[in-house]
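1. I'd like to go over a predicted model; first the sequence, then the structure.
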Amino acid sequence: MDVTHLAAVDATRAARVLDEVRSAKLSGQRAPVPPRPVIEQSWERMLRSGVDPDHDFRSGLLPREEVQRRRETSALRHVLPVLREGLLSVADVAHHIMVVADEEGRVLWREGSAPVLRKADGLGFELGADWREDVVGTNGVGTPAVTRRPVQVFASEHFVRSHATWTCAGAPITDPRDGRLIGVVDVSGPLETMHPATLSWVDSVAKLAEARLREMHLRSLERLRAVAAPVLARIEGRALVVDRHGWTAAVTGMPYTERLTLPKSVAAGMRWLPTLGRCSLEPLAGGWLVRAADEPVAGGTSRIVLDLRGPRRWTVEVSGGAGSWTRELSPRHAELLYLLAVHRAGRSAAGLAEDVFGDPARTVTVRAEMSRVRRYLGSFLEHRPYRFADHADVDVLLPDDPRDLLPHSTAPALGRRYGETTAGQ
């Protein structure tokens, strides 16, 4: 039975069915119908993390000054007009509100129907509130942030009982430059306002917001190219101009590379960078001039630490005689590097395609992603087959519970490894 479509016809009956499903699941009994997989997986995370399904927990609201500070520093401020134009006019008529939260689940903007805003206050759905999944349970802000995909949560699909009068549909917004989560946009309202098409609507507007961010990025690179051209014309040897995030505007004396991995804290002076070795960094308007020192990079064994312990943030850290650096990973790159760490002998493109997509024919997608990975891991990755180089010692930091490993992932290989792990316990 498709509960979301039943809700569009008979919201009261759908809510009653979901209440029975939730009660059965939490008591360990057989449910009349199974919960949707995305909801069931979220409930399982809540049970493991100790969220109380029968008591509403609210962490402290951020002060108004901190909400304002986050608004001013968040990339979400650039796409707020897109979100308002795409969602608010319909939301107000349909008795919904639009909620925009940052990557930490903090509500930064909240607009729409005035009566619904007052009802949201009663649920603690206020400016500055913390709506992470592991704080308030399954919901349209916190759950999309964990799964990295759009999620609709209706009635008793909310893990916490007091939210069962509510319906919400949320979609993540990611930075197109690196795939990093920057926030979630959610449309919420009372139970009777639920419609199965709401999720597609919200997701479409979230994608428009990401497209706007992509346009802004390309325009900023064009401006930086105008600055870079006369600078690079006077330089001999290898050099490039990148923006503050490492995206390349122009190069001279070397092949073009789309992006350069910069240290977390960038400062002028000599630095060791992946693929280039020792470089000098000089500030430019809107970016950096990077000159390769053309000195041999120190050899020897390097250590690579793949940190997958967090539910939403994963990193790779490389350290060795020439220095160290850390990079935050997109969900797909985290999957691929984990699979290569497990299969040290290597995997072919077809093997990785089967691992990630369950389809060995999707080699073009895998090769494109691995090409992006090799741009920052460079000599630490071999290909044909893809594998970590022999001079790299690889450590993988995993969550305590194997079910918390990359919870967004739909890769068949990760599902099989979870089954193997639990079978051995």
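-> Everything's here; your move.
2. for the stretch 151-300 of the chain, which segments are assigned as strands?
-> When assigned using DSSP state E, counting those that start in this stretch, the strands of the stretch 151-300 of the chain occupy the ranges 151-154, 166-174, 181-190, 239-243, 248-252, 269-273, 277-284, 287-292.
3. could you report the separation of E354 from R347?
-> Relative to R347, E354 is positioned 9 Å away (Cβ to Cβ, to the nearest Å). In short, each C-beta sits where N, CA and C put it, glycine included.
4. residue contacts, the one residue sitting closest to the centre of the chain?
-> The centroid of the chain falls nearest to L181 when counting by Cα atoms, centre = their mean (3.7 Å). By Cβ atoms under 8 Å, 6 or more residues apart in numbering, the residues touching L181 are 103, 145, 148, 172-175, 312.
5. spatially nearest residue to it, not counting backbone neighbours?
-> The shortest distance from L181 to any non-neighbouring residue, by Cβ to Cβ, 6 or more residues apart in numbering, is to E103 (4.8 Å).
6. try P263
-> Setting aside the residues directly before and after it, P263 is nearest to W325 in space (Cβ to Cβ, 6+ apart), at 5.8 Å.
7. burial count for that neighbour?
-> 18 (other Cβ atoms under 10 Å).
8. what residues are up against it?
-> Going by Cβ under 8 Å, 6+ apart, W325 touches 261, 263, 272-274, 317-318.
9. narrow those to just the buried residues.
-> 261, 263, 272-274, 318 (16 or more other Cβ atoms under 10 Å).
10. ok, so of the residues you listed, who is nearest R16?
-> The closest of the buried ones among the contacts of W325 to R16 turns out to be T261 (Cβ to Cβ; 53.3 Å).
11. from Q68, how far out is that closest one?
-> 32 Å.
12. ok, now V205?
-> For V205, the distance to Q68 - Cβ to Cβ - is 24 Å.
13. returning to what we had before: can you lay out the strands of the stretch 151-300 of the chain as TSV showing mean pLDDT and distance to L308?
-> Formatted as TSV, the strands of the stretch 151-300 of the chain follow (pLDDT from 0 to 100; distance: least, Cβ to Cβ, whole Å):
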stretch	mean pLDDT	distance to L308
strand 151-154	94	22
strand 166-174	95	18
strand 181-190	95	15
strand 239-243	94	28
strand 248-252	93	29
strand 269-273	82	24
strand 277-284	86	28
strand 287-292	92	30
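14. deepest in the core, which of the ones you listed is it.
-> Burial of the strands of the stretch 151-300 of the chain is given as mean neighbour count (mean count of other Cβ atoms under 10 Å); strand 151-154 ranks first at a mean of 29.
15. ok, residues contacting that strand?
-> 3-4, 7, 14-15, 18, 38-39, 138-140, 143-144, 167-170, 191, 194, 196, 198-199.
16. which stretches of this protein have low pLDDT?
-> 1-9, 294-301, 320-324, 415-425 (pLDDT under 70).
17. quick one: the helices in it?
-> Here the chain has its helices, by DSSP state H, at 3-9, 11-27, 37-49, 64-73, 80-83, 89-93, 114-122, 133-136, 142-147, 198-233, 331-342, 349-357, 363-377, 412-423.
18. okay, the angle between the third one and helix 11-27?
-> Yep, that's helix 37-49 we're talking about. Relative orientation of helix 37-49 versus helix 11-27 (axes from the mean of the first three to the mean of the last three Cα atoms, to 10 degrees): 40 degrees.
19. now do the buried residues in helix 37-49.
-> Neighbour count says helix 37-49 has 38-43, 45-46 buried, by 16+ other Cβ under 10 Å.
20. likewise for stretch 14-21?
-> The neighbour-count check on stretch 14-21 (16+ other Cβ under 10 Å) flags 14-15, 17-18, 21 as buried.
21. for stretch 212-223, same thing?
-> 212-213, 217, 220-221.
22. how much distance is there from that stretch to the middle of the chain?
-> Computed by Cα atoms, centre = their mean, to the nearest Å, the chain-centroid distance of stretch 212-223 equals 21 Å.
23. now do stretch 374-385
-> Worked out by Cα atoms, centre = their mean, stretch 374-385 lies 23 Å from the chain centre.
24. export it as PDB, just CAs?
-> Output of stretch 374-385 as PDB, limited to C-alpha atoms (Å, rounded to 0.1, in the frame of the first residue of the first chain):
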ATOM      1  CA  ARG A 374      42.800  11.400  -8.600                       C
ATOM      2  CA  ARG A 375      43.000  15.200  -9.100                       C
ATOM      3  CA  TYR A 376      43.500  15.500  -5.300                       C
ATOM      4  CA  LEU A 377      45.000  12.100  -4.400                       C
ATOM      5  CA  GLY A 378      47.400  12.100  -7.400                       C
ATOM      6  CA  SER A 379      50.200   9.700  -7.100                       C
ATOM      7  CA  PHE A 380      48.500   7.900  -4.100                       C
ATOM      8  CA  LEU A 381      46.100   6.200  -6.500                       C
ATOM      9  CA  GLU A 382      46.900   3.800  -9.300                       C
ATOM     10  CA  HIS A 383      44.600   2.800 -12.200                       C
ATOM     11  CA  ARG A 384      44.100  -0.400 -14.200                       C
ATOM     12  CA  PRO A 385      43.000  -1.500 -11.700                       C
END
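25. who's in contact with it?
-> If you take Cβ under 8 Å, 6+ apart as the criterion, stretch 374-385 is touched by 257-259, 261, 274-275, 302, 304, 316, 318, 327, 340, 345-348, 351, 370, 373, 387-389, 392.
26. try 6 Å this time
-> The contact list for stretch 374-385, computed with Cβ atoms under 6 Å, 6 or more residues apart in numbering, reads 259, 261, 274-275, 327, 346-348, 389, 392.
27. can you put the residues you listed in a markdown table and add distance to V241?
-> Below are the contacts of stretch 374-385 laid out as a markdown table (distance: Cβ to Cβ, whole Å):
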| residue | distance to V241 |
| --- | --- |
| R259 | 13 |
| T261 | 16 |
| P274 | 18 |
| T275 | 16 |
| R327 | 20 |
| G346 | 36 |
| R347 | 36 |
| S348 | 37 |
| A389 | 29 |
| A392 | 30 |
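28. for R214, what are its contacts?
-> With contact set as Cβ under 6 Å, 6+ apart, R214 has these partners: P176.
29. how far away is it from W247?
-> Distance, R214 to W247, using Cβ to Cβ: 12 Å.
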